[in-house]
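Engineer: Mind folding the following:
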Amino acid sequence: MVPLLYAICRANPGSKLQWFISESSEPNVGLFRMVSWAFGPAIKAFAYCRPVIGIDGTHLSGRYKGKLLTACGYDADGHVVPLAFALVHEECNETWANFMKFVRTNVVGSRKVCVISDRHASILRVFKEPDLGWNVDAGEASHRYCSRHVVANFQDKFGKSLVPMVRAIFRQNQPYKFNKAFERLDNKNHEACEWLMSVGSDDPEAPNLEIWSRAHDDGHRWGIMTTNGPESLNNVFREARLLPVTALVEVTFYKSVKFFAERRKEAEKAIQSNLLNAPEVAQLLEKRRLKANNHKVKSFREQQKYEVLTPRRQDDGKKKGGRKHIVYIDRPGGVCTCVKPQLTGLPCSHILAVCGKAGVDSNQFVHGFYSAHTLLQTWTPEFNGFGNPDEWPRHNGPELEDTCCNMYANLKTC
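Structural biologist: Got it, this is the predicted structure:
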């Protein structure tokens with residue numbers, strides 16, 4: 001594993017690698033504790049991703065009993081960008097702290113990003129530590145919970161019957177709709193509401209709604225509500241989890257190579273098709289334009305302020321629409337009382353309706369992270385092969401014991 005990782009890093013400039021090794025009683029032999037790595041092309045790619053990363057850990061299933069930690073970004077179309085990996089003995093305070101410090105130092109840099117995760121205690125600790133670069137109180141990052149994990153925790157405690165109501169709460173963009181959905185749950189089960197309000201907060205009088213509620217997120221998530229990204233990445237490596245660790249590392253490399261090659265072709269095709277925005281974003285905006293055709297717009301031109309009335313409709317037997325929204329197109333990114341543009345960086349149907357009436361180019365309200373050009377830049381960095389073992393650089397450090405018995409022996413307790 002050691003020569004392989006050094007060979008990959010040498011062949012791919014900008015790649016980063018960090019070992020944690022315990023001393024052994026044998027001379028020039030170290031006991032493996034953990035290793036983190038990030039490929040140079042992926043580090044370059046993150047500069048063109050939204051400032052959001054997802055993190056997750058998954059069990060190794062073969063002879064080597066440990067965990068693979070992953071961090072991923074998201075391209076313009078919401079596809080996963082594999083950013084960093086770590087091979088650890090267990091998810092604990094030490095391993096998550098070391099991995100996240102590695103990600104901050106080598107992948108994210110000084111950029112302020114939002115991290116989406118489950119509620120593992122060791123992950124939560126990362127955002128309170130003063131010297132890892134992720135302290136939320138110091139403004140170094142923002143942290144949000146995966147909505148799917150919170151719903152799963154809720155179901156474990158209260159059963160399935162209330163889950164649809166909880167999911168409805170999570171879906172809301174607007175605070176008033178959030179409050180209505182929350183009130184419906186409260187009328188059904190007050191204890192369930194109290195539990196939900198306690199999520200992410202140690203003080204029942206001061207709920208931490210922004211950590212799990214879309215309506216209170218203030219745009220840090222960029223619309224991403226779950227850790228499906230890193231979990232889907234772990235599924236890509238599902239077969240690799242059965243392999244020896246050296247083979248697992250090799251799989252993370254070749255799977256990343258495949259990701260970049262396939263996504264680059266898709267991005268090049270989008271550019272050749274003269275798309276201004278990433279393909280899935282373009283489809284979403286087209287659906288919103290069709291919806292905008294049925295909106296009624298009233299202009300208050302002197303303030304660049306517009307009132308947009310949506311038509312009434314039936315959706316799953318429920319009356320929807322028939323509401324007024326206020327749109328300001330003189331503010332950066334466009335602002336609407338539906339809150340969608342502020343949460344995602346994409347224009348809602350109300351802004352698109354105003355643009356149609358005012359003869360304004362709506363693409364100015366699409367954030368640059370979603371452009372086809374940005375999509376191509378994300379996947380443009382190329383990987384290089386690392387050659388044959390007899391061509392690899394000589395490793396001058398201690399030899400690592402790399403057996404099933406010794407790999408996780410004598411480790412610091414977390």
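
Engineer: Could you tell me whether Gln155 really is in a strand?
Structural biologist: No. Using DSSP: H, G, I helix; E, B strand; the rest coil, the assignment for Gln155 is helix, not a strand.

Engineer: Distance-wise, check it relative to His216.
Structural biologist: Between Gln155 and His216 the distance is 22 Å, computed by C-beta to C-beta, to the nearest Å. (C-beta placed from N, C-alpha, C; glycine too.)

Engineer: Number of residues surrounding Ala181?
Structural biologist: Applying the criterion other C-beta atoms under 10 Å, we find 19 residues in the vicinity of Ala181.

Engineer: so where does it fall, helix or strand?
Structural biologist: helix 175-188 (DSSP states H and E).

Engineer: buried sites along that helix?
Structural biologist: Of all the residues in helix 175-188, those buried under the rule 16 or more other C-beta atoms under 10 Å are 177-178, 181-182, 185-186.

Engineer: and what of stretch 366-375?
Structural biologist: Of the residues in stretch 366-375, those buried (16+ other C-beta under 10 Å) are 366-367, 369-375.

Engineer: With stretch 281-293 instead?
Structural biologist: Along stretch 281-293, these residues count as buried under the neighbour rule (16+ other C-beta under 10 Å): 281-282, 284-285, 288-289, 291-292.

Engineer: repeat for stretch 309-320
Structural biologist: 309-310.

Engineer: gap between the two ends of that stretch?
Structural biologist: 12 Å (C-alpha to C-alpha, to the nearest Å).

Engineer: quick one, helices of the protein?
Structural biologist: For the chain, the helices defined by DSSP state H cover 2-11, 40-46, 93-103, 121-126, 147-158, 163-171, 175-188, 190-198, 228-236, 245-272, 279-292, 340-344, 349-358, 372-379.

Engineer: what about those, which gets the closest to Met34?
Structural biologist: Judged by C-beta to C-beta, the one of the helices of the chain that comes nearest to Met34 is helix 93-103, at 5.6 Å.

Engineer: What is the distance between the closest one and the centre of its chain?
Structural biologist: Distance of helix 93-103 from the chain centroid (C-alpha atoms, centre = their mean, to the nearest Å) equals 17 Å.

Engineer: what packs against it?
Structural biologist: If you count contacts as 3 or more C-beta pairs under 8 Å, 6 or more residues apart in numbering; DSSP states H and E, helix 93-103 packs onto strand 16-23, strand 29-38, strand 52-59, strand 67-74, strand 80-88, helix 121-126.

Engineer: What's the local residue count around the residue lying closest to Thr70 once chain neighbours are set aside?
Structural biologist: Leaving aside its sequence neighbours, Thr70 sits nearest to Pro230 (C-beta to C-beta, 6 or more residues apart in numbering; 4.8 Å). Counted by other C-beta under 10 Å, the residues lying close to Pro230 total 27.

Engineer: hang on, the earlier thing: what's the closest of the buried residues of helix 175-188 to Pro311?
Structural biologist: Using C-beta to C-beta, Lys177 is the member of those that lies nearest Pro311, at 17.9 Å.

Engineer: you'd agree that closest one is up against Ala215?
Structural biologist: Yes. The criterion here is C-beta atoms under 8 Å, and Lys177 meets it with Ala215 at 7.2 Å.

Engineer: Give me the common contacts of the two.
Structural biologist: Common contact partners of Lys177 and Ala215 (C-beta atoms under 8 Å, 6 or more residues apart in numbering): none.

Engineer: Give me the domain ranges for the chain.
Structural biologist: Using automatic domain parsing, the domain parsing of the chain gives 2-146+226-265+383-401, 279-370.

Engineer: Show the end-to-end separation of the shortest one, please.
Structural biologist: Pointing back at domain 279-370 there. Start-to-end span of domain 279-370 (C-alpha to C-alpha) is 9 Å.

Engineer: any idea how far that domain is from the chain center?
Structural biologist: Its chain's C-alpha centre and that of domain 279-370 lie 26 Å apart, by C-alpha atoms, centre = their mean.

Engineer: Of the helices of the chain, which is nearest Glu307?
Structural biologist: Of all the helices of the chain, it is helix 349-358 that lies closest to Glu307, at 9.4 Å by C-beta to C-beta.

Engineer: Quick check: mean pLDDT of that closest one?
Structural biologist: Mean per-residue pLDDT for helix 349-358: 96.

Engineer: Show me what that helix is packed against.
Structural biologist: Contacts defined by 3+ C-beta pairs under 8 Å, 6+ apart place helix 349-358 against helix 279-292, strand 296-300, strand 305-309, strand 324-328.

Engineer: In CSV: those, plus mean pLDDT.
Structural biologist: CSV is the format used below for the helices and strands packed on helix 349-358 (pLDDT from 0 to 100):
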stretch, mean pLDDT
helix 279-292, 97
strand 296-300, 89
strand 305-309, 94
strand 324-328, 95
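
Engineer: who wins for proximity to Arg10 among these?
Structural biologist: Closest approach to Arg10 among the helices and strands packed on helix 349-358 is made by helix 279-292 (35.8 Å; C-beta to C-beta).

Engineer: Show which residues not belonging to that closest one make contact with it.
Structural biologist: The contact list for helix 279-292, computed with C-beta under 8 Å, 6+ apart, reads 76-78, 266, 270, 275-277, 346-350, 352-353, 356, 362, 366, 370, 372.

Engineer: Now, of those residues, which are buried?
Structural biologist: Neighbour-count burial within the contacts of helix 279-292 applies to 76-78, 266, 270, 275, 277, 346-350, 352-353, 362, 366, 370, 372; the criterion is 16+ other C-beta under 10 Å.

Engineer: thinking again about what came up before, out of the buried residues of stretch 366-375, flag the one nearest to Glu91.
Structural biologist: Set against Glu91, the nearest of those by C-beta to C-beta is Phe369 (30.4 Å).

Engineer: Now the closest one: closest residue in space, sequence neighbours ignored.
Structural biologist: Closest to Phe369 by C-beta to C-beta, 6+ apart is Arg50, at 4.9 Å.

Engineer: so what's that neighbour scoring on pLDDT?
Structural biologist: 98.

Engineer: try Pro204
Structural biologist: 72.

Engineer: on that earlier part again, which one of the buried residues of stretch 281-293 sits closest to Asn106?
Structural biologist: Distances from Asn106 to these, taken by C-beta to C-beta, are shortest for Val281, at 29.2 Å.

Engineer: List the contacts of Arg148.
Structural biologist: Contacts of Arg148 (C-beta under 8 Å, 6+ apart): 225-228.
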